[in-house]
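J.: Let's see this in three dimensions:
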Amino acid sequence: MSASLARLALPSDEDRRVVAFPRCPTAKRIHVARPLTDDQRLDLERLRWLALRSQLAPRADLERACYVLAGQPTASLDRLATVFFRGLSERASSEMVIYRPGAVSVSDDESWLLRLVAACRDGQDAAAGALVAWRVAPSARRWMRFLSAAMVRALDAA
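T.: Modelled structure (predicted):
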């Protein structure tokens, strides 16, 4: 009996590896590359560039900027994206991780962003609203839904 207890107490060589939450489906998912279509990859690269450029822009009051943009139906993609990404960096529930343009890997936040773009394109307002509610503080959700829809329209028009 003591020999069988000793076998149970000593892990095998495979079990001695240090893995965060072994046998967890999330741990396996992290190491799997996210396959993107060519259109998604193109959208992601454009969004990465727009996010990078938005960091250089001065900080603006989100609500005031949205009022100005709402009165300008032909606002440029750069202006919409700047306010969107600045609002996202200030009002997101946690810090957004957006990789540099050209990176092969896709972060969870970038996957969220691609799902938001797809929902806005497909006219799925409820899904887009749920995605925004998942990542944005309640006080900014209405404006971020407006900005995401306007940004996607401008992205498709460009």
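J.: so what's the residue nearest the centre of the chain up against?
T.: Nearest to the mean C-alpha position of the chain, by Cα atoms, centre = their mean, lies D109 at 2.6 Å. Shown in contact with D109 (Cβ atoms under 8 Å, 6 or more residues apart in numbering): 96-98, 135. Glycine gets a C-beta too; all of them are placed from N, C-alpha and C.
J.: Filter these down to the buried ones.
T.: 96, 98, 135 (16 or more other Cβ atoms under 10 Å).
J.: want to throw those residues into a markdown table with pLDDT?
T.: Listed next are the buried ones among the contacts of D109 as a markdown table, based on pLDDT from 0 to 100:
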| residue | pLDDT |
| --- | --- |
| M96 | 84 |
| I98 | 86 |
| R135 | 88 |
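J.: Out of the residues you listed, which comes closest to L47?
T.: For those, the minimum distance to L47 (Cβ to Cβ) is 7.7 Å, reached by I98.
J.: Now the closest one. Nearest residue, chain neighbours left out?
T.: A51 (4.8 Å; Cβ to Cβ, 6 or more residues apart in numbering).
J.: ok, that neighbour touching G87?
T.: No - using Cβ atoms under 8 Å, A51 is not in contact with G87; the gap is 11.8 Å.
J.: ok so, going back, need the buried ones among the contacts of D109 in TSV with secondary structure, can you?
T.: Output for the buried ones among the contacts of D109, formatted as TSV (DSSP: H, G, I helix; E, B strand; the rest coil):
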residue	secondary structure
M96	coil
I98	coil
R135	helix
